[in-house]
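> what follows is a predicted structure for the sequence shown.
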Amino acid sequence: MSNLNFIKKSNFSWLVNQENWVTVLIGEPSYFKDLVVPENLKKLSPLVLDIGYNTMPPVLDLEIEEKGIFCTLAFDGKLTKCYLPWESISAFIFDNGLSNVSFSYNLPLQVSEEKEVEKKPNGFLKLVD
């Protein structure tokens, strides 16, 4: 596990136990092949997910593992098994949206070589052809 992924895991573990839920941002979901969420959500940039014990419905099967987060989330009332690799996560938002922890944003090597990166006004990165 890389140092950055260890930091993400440690921060998420602590935050979800302190706050009961954490908003997870995934900057460019379509570029992370291991990411498991509904296909239509992979087109969103950024993808914003609320994960925790105090969400509606609550996440009862939350597993915080060395490689990422496993959990079942509800999308339009349908429960879906999800996997969020640490590499895909670019920020955590907590304290009712008043605080955040942001991480350096790494795209898979083949993407960063093929695309130019443009910074969006909201501070997120956008890939441009």
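Sure thing, it's come through.

> sketch out the low-pLDDT regions of this structure for me.
104-129 (pLDDT under 70).

> what ranges does it have for its strands?
Here the chain has its strands, by DSSP state E, at 21-26, 47-52, 63-64, 68-75, 78-85, 91-94, 99-102, 116-119, 125-128.

> using JSON lines, lay out the ones you listed together with mean neighbour count and distance to K8.
Heads up, the C-betas are built off the backbone N, CA and C, glycines and all. As requested, the strands of the chain are exported to JSON lines (neighbours: other Cβ atoms under 10 Å; distance: least, Cβ to Cβ, whole Å):
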{"stretch": "strand 21-26", "mean neighbour count": "22", "distance to K8": "10"}
{"stretch": "strand 47-52", "mean neighbour count": "18", "distance to K8": "13"}
{"stretch": "strand 63-64", "mean neighbour count": "13", "distance to K8": "10"}
{"stretch": "strand 68-75", "mean neighbour count": "18", "distance to K8": "9"}
{"stretch": "strand 78-85", "mean neighbour count": "16", "distance to K8": "10"}
{"stretch": "strand 91-94", "mean neighbour count": "20", "distance to K8": "8"}
{"stretch": "strand 99-102", "mean neighbour count": "13", "distance to K8": "9"}
{"stretch": "strand 116-119", "mean neighbour count": "10", "distance to K8": "21"}
{"stretch": "strand 125-128", "mean neighbour count": "14", "distance to K8": "17"}
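
> please identify which of those is closest to M1.
Among the strands of the chain, the nearest to M1 by Cβ to Cβ is strand 68-75 (10.4 Å).

> with just CA atoms, put that closest one into PDB.
Extracted C-alpha coordinates of strand 68-75, given in PDB (Å, rounded to 0.1, in the frame of the first residue of the first chain):
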ATOM      1  CA  GLY A  68     -10.200   0.500  -1.000                       C
ATOM      2  CA  ILE A  69     -13.800   0.800   0.300                       C
ATOM      3  CA  PHE A  70     -16.400  -1.900  -0.300                       C
ATOM      4  CA  CYS A  71     -20.000  -1.100   0.500                       C
ATOM      5  CA  THR A  72     -23.600  -1.200  -0.700                       C
ATOM      6  CA  LEU A  73     -25.000   2.200  -1.700                       C
ATOM      7  CA  ALA A  74     -28.500   3.200  -2.800                       C
ATOM      8  CA  PHE A  75     -29.000   4.900  -6.200                       C
END
